[in-house]
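Peer 1: Quick one, fold the following:
(chains A and B)
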Amino acid sequence: NAGVTQTPKFRVLKTGQSMTLLCAQDMNHEYMYWYRQDPGMGLRLIHYSVGEGTTAKGEVPDGYNVSRLKKQNFLLGLESAAPSQTSVYFCASTANTGELFFGEGSRLTVL
Amino acid sequence: GESVGLHLPTLSVQEGDNSIINCAYSNSASDYFIWYKQESGKGPQFIIDIRSNMDKRQGQRVTVLLNKTVKHLSLQIAATQPGDSAVYFCAENIKRGDSWGKLQFGAGTQVVVTP
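Peer 2: Numbering: from 1, shown residues only, chains lettered A, B, ... in the order given. Modelled structure (predicted):
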């Protein structure tokens, strides 16, 4: 049972490049989330999904897009990366509870 | 706006002592609170939760206390061990009907356990 898996774990981009982070969960959870974590700022919610085919904006959605075409996958896209998007990104999933299961994180650097 | 915050950014604790990590919240409508632990290089892990109709909940070596009067939450770790060294986050949630809401995380407290 892998839980929540994020790929890639590390990525370096140049300003303006695009990329997609993939999150996969094998727990049949309805809810999935993308957070970013910056020093001294805790976890901030980017986008989330309450079920297959649904997405919603979180606290800091600008510059990101998401898709939930399959229940087990939640994709986070950056269309035109900016240095301000340098961060560690965490995906999480949950059944209808407060116990979120997090992935190991994806460290993104935008030069 | 509403916020969740922590009083101390870093807490140094001697091995074997008890740790107390504090958290203030400002949203009176929050009905559910959770503590997470994040070890270096890993994702956060659920520790314990408490609903707003409770003022205390105990787990294995951990106790969460909720004081709604002053909007304060604390996590107590008994007999702190080196493996407890991590960043601890409190999070609050406002449940919307039958649906799960969105968690708002505090900035975190770094706990350092010294021998």
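Peer 1: So B:Ile48 is in contact with B:Lys56, correct?
Peer 2: No: contact criterion CB atoms under 8 Å: B:Ile48 and B:Lys56 do not qualify, at 10.9 Å. (Each C-beta comes from the backbone N, C-alpha and C, glycine too.)
Peer 1: how deep is B:Val70 tucked in, by neighbour count?
Peer 2: 6 (other CB atoms under 10 Å in any protein chain shown).
Peer 1: For B:Ile48 and B:Lys56, work out which one has more neighbours and name it.
Peer 2: Taking neighbours as other CB under 10 Å, B:Ile48 and B:Lys56 compare with B:Ile48 leading, 18 against 11.
Peer 1: any idea how far that one lies from chain A?
Peer 2: 10 Å (CB to the nearest CB, to the nearest Å).
Peer 1: Quick check: which element contains that residue?
Peer 2: According to DSSP states H and E, B:Ile48 maps onto strand B:45-51.
Peer 1: Tell me which residues of that strand come out buried.
Peer 2: B:Phe46, B:Ile47, B:Ile48, B:Asp49, B:Ile50 (16 or more other CB atoms under 10 Å in any protein chain shown).
Peer 1: For B:Ile48 and B:Lys56, list the residues in contact with both.
Peer 2: The contact sets of B:Ile48 and B:Lys56 overlap at B:Val64 (CB atoms under 8 Å, 6 or more residues apart in numbering or on different chains).
Peer 1: ok so, going back, out of the buried residues of strand B:45-51, the closest to B:Ala24 would be?
Peer 2: B:Ile50 (15.1 Å; CB to CB).
Peer 1: Spit out the contact partners of that closest one.
Peer 2: Here B:Ile50 is in contact with B:Tyr32, B:Phe33, B:Ile34, B:Lys56, B:Arg57, B:Val64, B:Leu66, B:Leu73 (criterion: CB under 8 Å, 6+ apart).
Peer 1: before we move on, what about A:Leu45?
Peer 2: A:Tyr33, A:Trp34, A:Tyr35, A:Gly58, A:Glu59, A:Val60, B:Lys102, B:Leu103, B:Gln104.
Peer 1: Which residues does stretch A:6-24 contact?
Peer 2: By CB under 8 Å, 6+ apart, the list of residues contacting stretch A:6-24 reads A:2, A:4-5, A:32, A:34, A:72-83, A:89-91, A:93, A:103-111.
Peer 1: Just the buried residues out of those, in PyMOL syntax.
Peer 2: To isolate the buried subset of the contacts of stretch A:6-24 in PyMOL, counting by 16+ other CB under 10 Å, use the following:
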select buried, chain A and resi 4+32+34+72+73+74+75+76+78+81+89+90+91+93+103+104+105+106+107+108+110
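Peer 1: Thought A:Ser67 was touching A:Leu75, still the case?
Peer 2: Yes: between A:Leu75 and A:Ser67 there is a contact under CB under 8 Å: 4.9 Å.
Peer 1: which neighbours do the two share?
Peer 2: By CB under 8 Å, 6+ apart, no residue touches both A:Leu75 and A:Ser67.
Peer 1: and the most centrally placed residue in chain A, what helix or strand is that in?
Peer 2: By CA atoms, centre = their mean, the mean C-alpha position of chain A lies nearest to A:Trp34, the distance being 3.1 Å. Assigned by DSSP H and E, A:Trp34 falls within strand A:31-37.
Peer 1: in the chain, which spans are strands?
Peer 2: Using chain A here. A:4-7, A:10-13, A:19-25, A:31-37, A:43-49, A:56-57, A:65-67, A:73-78, A:87-94, A:101-102, A:106-110 (DSSP state E).
Peer 1: Not quite, go with chain B.
Peer 2: Under DSSP E, chain B gives strands at B:4-5, B:10-14, B:19-25, B:32-38, B:45-51, B:56-58, B:62-67, B:72-77, B:86-93, B:103-105, B:109-114.
Peer 1: Thank you kindly, that will do.
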